[in-house]
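**Q** Provided below are the primary sequence and the corresponding predicted coordinates.
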Amino acid sequence: MPVKGNQFRTNSFKDELPPKSAAKARVTAAKERSEILPKFNFDDGRIIKIAGLFFLILSIYFLVAFTSYLFTWQEDQSYVIDSNGGWSNLFRNSEELEKAGVVNPVVENWLGKFGALLSHQFIYEWFGIASFIFIAVFFIIGYRLLFKIRVASITKTLAYSFFLLVFGSVTLAFFHAFTSDFPHFLEGEFGFWTNRLLQAQIGNTGIAGLLAFAGLSALIVAYNIDFKLPSKEEREEAFVPVVPDESEEIEIEDDFRTQPVEFPLNRREQVAEPKTQASQLKQERIIPPVELETDIEQEVLIPRAPVAEAAAASLSLNVQRSEPELTINKTEDEKKADDLVQQFGQYDPKLDLSSYQYPTLELLENYGSNKISVNTDELEANKNKIVETLNHYNIEIDKIKATIGPTVTLYEIIPAPGVRISKIKNLEDDIALSLAALGIRIIAPMPGKGTIGIEVPNQHPEMVSMRSVLATDKFQNTTMDLPIALGKTISNEVFIADLAKMPHLLVAGATGQGKSVGINCILASLLYRKHPSELKFVLVDPKKVELTLFRKIERHFLAKLPGEEDAIITDTKKVINTLNSLCIEMDQRYDLLKNGQVRNLKEYNSKFINRKLNPEEGHRFLPFIVLVVDEFADLMMTAGKEVETPIARLAQLARAVGIHLVIATQRPSVNIITGTIKANFPARLAFRVLSKIDSRTILDTGGADQLIGRGDMLFSTGNDLIRLQCAFVDTPEVERISDFIGNQRGYSSAWMLPEYVDENGEGGSIKDFDPDDRDSLFEDAARLIVMHQQGSTSLIQRKLKLGYNRAGRLIDQLEAAGVVGPFEGSKAREVLLPDDYALEQFLDNLNKKQ
Ligand SMILES: Nc1ncnc2c1ncn2[C@@H]1O[C@H](COP(=O)(O)OP(=O)(O)OP(=O)(O)O)[C@@H](O)[C@H]1O
């Protein structure tokens, strides 16, 4: 068998190698040579500085040459024109020049012959006086390279300059053509001939139109003049600011995830600027040693239609191949359901409010500049301080890199081999001291990364506006059941969580740290994504001021107890009734799920939509219910066990039936967040708390005490702990959203929770019947109910055209009088009188008693 591959495994020239001593001598000679030669390390940015200097001097040179050209062009004309030699004149002596026809061999330009030729080339032969733009371009580039100060974005400068060059020279040519027929230094030959060409093709009017169009378009591009109709949804791109900052700052546009910046440690190098996807290329040229992570996660959205088409295509393919057909036998009920669906279409829960408009993004404000600005000096200084502090304690670092977030920057350290992690963790306070900053958090080790994280607050934290978060595709296209946009992560990524999956959320934070704003964010996110038929809120607000803003959406999104005036519950007694009523709703829902032979709310609703569940058997479309309790501590103090028991029951059982809890508290002490409650709330959101103990109570670990407030928070889902900057939504914005929804047509009343009869007799229904105190419609209601043999409040409401409260009072009176039986949950009450005759006798007796 022939031998494959490289057969020269052994070194057949081994013997011919020079002896070791000769090799040694060569190495020493090379060393000596390299010591004589100066050492150039081109990686450290010296070349860039030289390039910067070159551009700056070039801009000054051009400025002098061009300015002088404006005064001396006539004198130098004969020297520079092509017919007399042009550039070749530079190398001719005066005799040759005279021979060539040059009248004035000594040029007047302040920069001599070269200056005259250069200006003539740029100004006369090319772009006219628009060529002055080159000076600005060279200056901006040079200044940026030499001083590392960003005057303007380089790409934007190049693009705008190119436009101005062409536009300026053609515009000048256009106007100049009315007075002169020859090329002139005002427009240059480029402008002159372009204008001529256009004149021949589209005439003067055409050119005027074209120039007006180009000019206005440029203004739109530069200043983003908004011509959008108000109803159109604004895309996030519109928020990207056009005017760059004047300061030396790193800018990260809002819709990009920030990439970590790596700091080289061994050499003295400039701090690399952090990169966004967009500016990556541009910056690589300027600062070569930066290493980038390239794992930019991009969500790939697969539209549903193509999937369906693909499925259909594969189906038709199957048919073509004439494979044996699979028929599924359907039960009687399923066939009936299919017939119903064919006849009436699927049940549409949204039909009652089919014209409902979801809130628009215009209702929200755009805070901040939507870009993160971190000073390079700040980055460099923090890095140096971290490295110095660690070095001081003899901790060697291999690498350090930074990821810039809206409020904090994460410095990730890779310690040198052999360094104990606990050693760094113990230096938390020392590092905080050396950086002279609050809110430093050390994560040692970073889960799944093999690094140690140090989070340092930015000097100028960036506000994350709710609008910028809700406008993202990630939120707009989410398929989550109850998406809540919480804010942005440390890498500037929008963070959205699904409340339906959590399934309950515990929120804690000391006063003034952003808890209420956080709750408003949660509520607003849900309002932006859900139809009133799909979601109901039960709002409990013992403080009486926080959630009142949502009062206006009562007939759309709120649920309340029958007979209650206010949908937002502020009274502790009523809270207990409401929680118990929610427990009844939960039990009823479980019964419905059992009867419908499904395991969760989603399956149940989909079965109901497909008309497989009969409403006459008590089945109904079940909206999600989100219970929000602001200031849970207050409730626990006043009601204790009475509140804890139903909350714990709901937390344990309610997830499958679509009831989710969001509970907020200022004081996360153990007697408020008890073990039972805690065990059932795996998702926790912690704003800044006052002590490590509080942080442990809420998160089971420290960290929340080291946050910086103003919406800085930690989100824990059991195993992960993520630092987020909460989005900001202000009270007027919430008011606008509520107004927008509240001003639309809604249901006739809030969504009714099941009646709860307090066994202690308080707050329950009327048990003693007083015939004198009957409602004037009592007899009509009784006749109606006996005629239909159906004891339901909604029947009275509908037929007698009454509000819920009065209808509810009537049914209570009918129950007390013995016309209908007691409340039976989702089923109608039993009617105790069989027919009209019996009823008339009953009413006669009643009237006689009076
Ligand atoms: N996400 C945020 N971004 C920026 N600033 C915020 C943010 N959240 C809150 N703030 C600032 O903090 C202030 C207090 O917030 P908030 O009213 O939500 O605190 P709180 O924790 O609810 O206090 P309390 O418990 O006393 O009601 C706000 O007025 C706002 O100025």
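**A** Ah, there it is.
**Q** all contacts plus neighbour counts: C-alpha atoms, from now on.
**A** Noted.
**Q** Please list all residues in contact with Ile123.
**A** Phe66, Ile129, Ala130, Ser131, Phe185, Leu186, Glu187, Gly188 (C-alpha atoms under 8 Å, 6 or more residues apart in numbering).
**Q** Flag whichever of those residues scores worst on pLDDT.
**A** Lowest pLDDT among the contacts of Ile123: Phe185, with 82.
**Q** how about that one, what does it touch?
**A** Ile123, Tyr124, Glu125, Gly128, Ile129.
**Q** Let me know the distance separating Ser169 from the ligand.
**A** 49 Å (C-alpha to the nearest ligand atom, to the nearest Å).
**Q** What about that residue, how many residues nearby?
**A** Ser169: 28 surrounding residues under other C-alpha atoms under 10 Å.
**Q** same thing with Glu125?
**A** 21.
**Q** give the contact list for the nearest residue to it once chain neighbours are set aside.
**A** Leaving aside its chain neighbours, Glu125 sits nearest to Glu189 (4.9 Å; criterion: C-alpha to C-alpha, 6 or more residues apart in numbering). By C-alpha under 8 Å, 6+ apart, the residues touching Glu189 are Tyr124, Glu125, Trp126, Phe127, Gly128, Pro183.
**Q** Next, the contact list for the closest residue to the fourth one other than its chain neighbours, please.
**A** Put plainly, it is Phe127. Nearest residue to Phe127, sequence neighbours excluded (C-alpha to C-alpha, 6+ apart): Gly188, at 4.6 Å. Counting by C-alpha under 8 Å, 6+ apart, Gly188 makes contact with Phe122, Ile123, Tyr124, Glu125, Trp126, Phe127, Gly128, Ile129, Ser169, Ala173.
**Q** before we move on, what about Met466?
**A** Contacts of Met466 (C-alpha under 8 Å, 6+ apart): Leu364, Glu365, Asn366, Gly487, Cys521, Ala727, Phe728, Val729.
**Q** cool, and Leu172?
**A** Leu172 touches Leu186, Glu187, Gly191, counting by C-alpha under 8 Å, 6+ apart.
**Q** which parts of this protein sit against the ligand?
**A** Counting by C-alpha under 6 Å from any ligand atom, the chain comes close to the ligand at 463, 510-517, 710-711, 726-728.
**Q** so of those residues, which ones are in strands?
**A** Cys726 (DSSP state E).
**Q** Make JSON lines out of the residues of the chain next to the ligand and add pLDDT and neighbour count.
**A** What follows is those, written out as JSON lines (pLDDT from 0 to 100; neighbours: other C-alpha atoms under 10 Å):
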{"residue": "Met463", "pLDDT": "87", "neighbour count": "22"}
{"residue": "Ala510", "pLDDT": "91", "neighbour count": "20"}
{"residue": "Thr511", "pLDDT": "89", "neighbour count": "16"}
{"residue": "Gly512", "pLDDT": "89", "neighbour count": "14"}
{"residue": "Gln513", "pLDDT": "91", "neighbour count": "22"}
{"residue": "Gly514", "pLDDT": "90", "neighbour count": "23"}
{"residue": "Lys515", "pLDDT": "91", "neighbour count": "28"}
{"residue": "Ser516", "pLDDT": "91", "neighbour count": "22"}
{"residue": "Val517", "pLDDT": "93", "neighbour count": "21"}
{"residue": "Arg710", "pLDDT": "88", "neighbour count": "20"}
{"residue": "Gly711", "pLDDT": "90", "neighbour count": "28"}
{"residue": "Cys726", "pLDDT": "93", "neighbour count": "29"}
{"residue": "Ala727", "pLDDT": "93", "neighbour count": "29"}
{"residue": "Phe728", "pLDDT": "92", "neighbour count": "25"}
